[in-house]
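my questions concern the predicted model and sequence given below.
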Amino acid sequence: MALLLVRGCDTRDVSRQPAMRPYTVQDHLKSVFAKAGVVGRREPIARIMLGGEH
(Lines give C-alpha, C1' and ligand atoms only; values in the text may rest on other atoms or scores of the structure.)
Protein backbone atom coordinates (compact mmCIF):
# COMPACT_ATOMS: atom_id res chain seq x y z
CA MET A 1 0.00 0.00 0.00
CA ALA A 2 2.87 2.41 0.72
CA LEU A 3 4.08 2.15 -2.86
CA LEU A 4 0.62 3.07 -4.13
CA LEU A 5 0.63 6.14 -1.88
CA VAL A 6 4.06 7.16 -3.15
CA ARG A 7 2.72 6.84 -6.68
CA GLY A 8 -0.01 9.31 -5.75
CA CYS A 9 -2.93 6.91 -5.61
CA ASP A 10 -5.95 8.03 -3.65
CA THR A 11 -8.13 5.84 -1.42
CA ARG A 12 -10.32 4.72 -4.32
CA ASP A 13 -7.30 3.74 -6.41
CA VAL A 14 -5.90 1.65 -3.57
CA SER A 15 -9.29 0.12 -2.85
CA ARG A 16 -9.47 -1.19 -6.41
CA GLN A 17 -6.85 -3.74 -5.46
CA PRO A 18 -8.35 -7.19 -4.89
CA ALA A 19 -10.32 -7.46 -1.63
CA MET A 20 -9.82 -3.83 -0.67
CA ARG A 21 -12.71 -1.52 0.08
CA PRO A 22 -12.34 2.24 0.60
CA TYR A 23 -13.13 1.96 4.32
CA THR A 24 -10.55 -0.81 4.68
CA VAL A 25 -7.94 1.40 3.04
CA GLN A 26 -8.83 4.31 5.33
CA ASP A 27 -8.59 2.08 8.41
CA HIS A 28 -5.17 0.82 7.33
CA LEU A 29 -3.97 4.35 6.63
CA LYS A 30 -5.16 5.60 10.02
CA SER A 31 -3.24 2.78 11.68
CA VAL A 32 -0.07 3.48 9.70
CA PHE A 33 -0.32 7.22 10.37
CA ALA A 34 -0.84 6.65 14.09
CA LYS A 35 2.19 4.35 14.31
CA ALA A 36 4.30 6.81 12.32
CA GLY A 37 3.11 9.77 14.37
CA VAL A 38 1.70 11.67 11.38
CA VAL A 39 -1.76 12.93 10.49
CA GLY A 40 -1.83 12.93 6.69
CA ARG A 41 -0.39 11.36 3.56
CA ARG A 42 2.32 13.88 2.73
CA GLU A 43 4.61 13.35 5.70
CA PRO A 44 4.90 9.54 5.46
CA ILE A 45 5.39 9.84 1.70
CA ALA A 46 8.19 12.34 2.27
CA ARG A 47 9.77 9.98 4.82
CA ILE A 48 9.62 7.10 2.35
CA MET A 49 11.00 9.17 -0.51
CA LEU A 50 13.76 10.75 1.59
CA GLY A 51 14.66 7.50 3.30
CA GLY A 52 14.18 8.28 6.97
CA GLU A 53 12.90 10.58 9.67
CA HIS A 54 12.34 14.17 8.47
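Ah, there it is.

buried ones in the helix or strand bottoming out on mean pLDDT in the chain?
When each helix and strand of the chain is scored by mean pLDDT, DSSP states H and E, helix 2-6 comes last, with a mean of 77. Buried positions in helix 2-6, judged by neighbour count with 16 or more other Cβ atoms under 10 Å: Leu4, Leu5. In short, each C-beta sits where N, CA and C put it, glycine included.

and it, what other elements does it pack with?
helix 11-15, helix 42-50 (3 or more Cβ pairs under 8 Å, 6 or more residues apart in numbering; DSSP states H and E).

in the chain, what spans have low per-residue confidence?
For the chain, the stretches flagged by pLDDT under 70 are 1, 19, 52-54.

in the chain, which helix has the most residues?
helix 22-36 (DSSP state H).

angle of that one against helix 42-50?
Per axes from the mean of the first three to the mean of the last three Cα atoms, to 10 degrees, the angle that helix 22-36 makes with helix 42-50 is 70 degrees.

outside of helix 22-36, which residues touch it?
1-2, 5, 11-12, 14-15, 39-41, 43-44, 47 (Cβ atoms under 8 Å, 6 or more residues apart in numbering).

possible to save the residues you listed as JSON lines with distance to Ser31?
Converted to JSON lines, these look like this (distance: Cβ to Cβ, whole Å):
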{"residue": "Met1", "distance to Ser31": "11"}
{"residue": "Ala2", "distance to Ser31": "12"}
{"residue": "Leu5", "distance to Ser31": "13"}
{"residue": "Thr11", "distance to Ser31": "14"}
{"residue": "Arg12", "distance to Ser31": "19"}
{"residue": "Val14", "distance to Ser31": "14"}
{"residue": "Ser15", "distance to Ser31": "16"}
{"residue": "Val39", "distance to Ser31": "13"}
{"residue": "Gly40", "distance to Ser31": "14"}
{"residue": "Arg41", "distance to Ser31": "14"}
{"residue": "Glu43", "distance to Ser31": "15"}
{"residue": "Pro44", "distance to Ser31": "12"}
{"residue": "Arg47", "distance to Ser31": "16"}
